[in-house]
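Q: after the sequence you'll find the predicted model.
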Amino acid sequence: MPGGGFVKLPNGSVVVALTLPRPADRPYGDPGGGQVRVLVLAANRARALTRLRNLGLRAVYLRGNSQPPTLDEITAVLHHPDGLLWRAVPDDAEELWHPIRALLRGA
């Protein structure tokens, strides 16, 4: 079930977490579809969504705050230089977070 949420950090920036359909035509895509959890660090929610739309994920919206990022997700995105990560859903504790370019790279 797609969903998402956000957390405002003490410095004013925002971490947005979204559960999106996995692109089936990408290297990490599987024929059965599936979902990915995407994390974005930005100045505000609108900029976070704009970052994703600029990467080609056009139909990305944040409706409500039903699935805000966990503390582990916040830590992961804060320590990544791009501030944009993903991994498969359901979360597998053994799977690492991947940079967004690994999901969006052409086959």
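A: Cool, got the structure. Residues are numbered from 1 along each chain as shown.
Q: a helix runs through Leu103, doesn't it?
A: Yes: according to DSSP: H, G, I helix; E, B strand; the rest coil, Leu103 belongs to a helix.
Q: so which helix or strand takes in Val7?
A: Secondary structure assignment for Val7, by DSSP states H and E: strand 3-8.
Q: brain fart, Glu94
A: Using DSSP H and E, no helix or strand contains Glu94.
Q: against which helices or strands is the strand holding Val7 packed?
A: Counting contacts by 3 or more Cβ pairs under 8 Å, 6 or more residues apart in numbering; DSSP states H and E, strand 3-8 packs against strand 14-21. Placement of C-beta: from N, CA and C, glycine included.
Q: now the angle from the strand it packs on to strand 3-8?
A: Counting by axes from the mean of the first three to the mean of the last three Cα atoms, to 10 degrees, strand 14-21 lies at 170 degrees to strand 3-8.
Q: list the buried residues in strand 14-21.
A: Residues Val14, Val15, Val16, Ala17, Leu18, Thr19, Leu20 are the ones in strand 14-21 that count as buried (16 or more other Cβ atoms under 10 Å).
Q: thinking again about what came up before, list the buried residues of the strand holding Val7.
A: Gly3, Gly4, Gly5, Phe6, Val7.
Q: what's the most distant pair in those?
A: Within the buried residues of strand 3-8, Gly3 and Val7 form the most distant pair, 14.4 Å apart (Cβ to Cβ).
Q: follow-up on the earlier one: could you dump the buried residues of strand 3-8 to JSON lines with pLDDT and distance to Pro81?
A: Conversion of the buried residues of strand 3-8 to JSON lines gives the following (pLDDT from 0 to 100; distance: Cβ to Cβ, whole Å):
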{"residue": "Gly3", "pLDDT": "82", "distance to Pro81": "27"}
{"residue": "Gly4", "pLDDT": "90", "distance to Pro81": "23"}
{"residue": "Gly5", "pLDDT": "93", "distance to Pro81": "23"}
{"residue": "Phe6", "pLDDT": "95", "distance to Pro81": "21"}
{"residue": "Val7", "pLDDT": "96", "distance to Pro81": "20"}
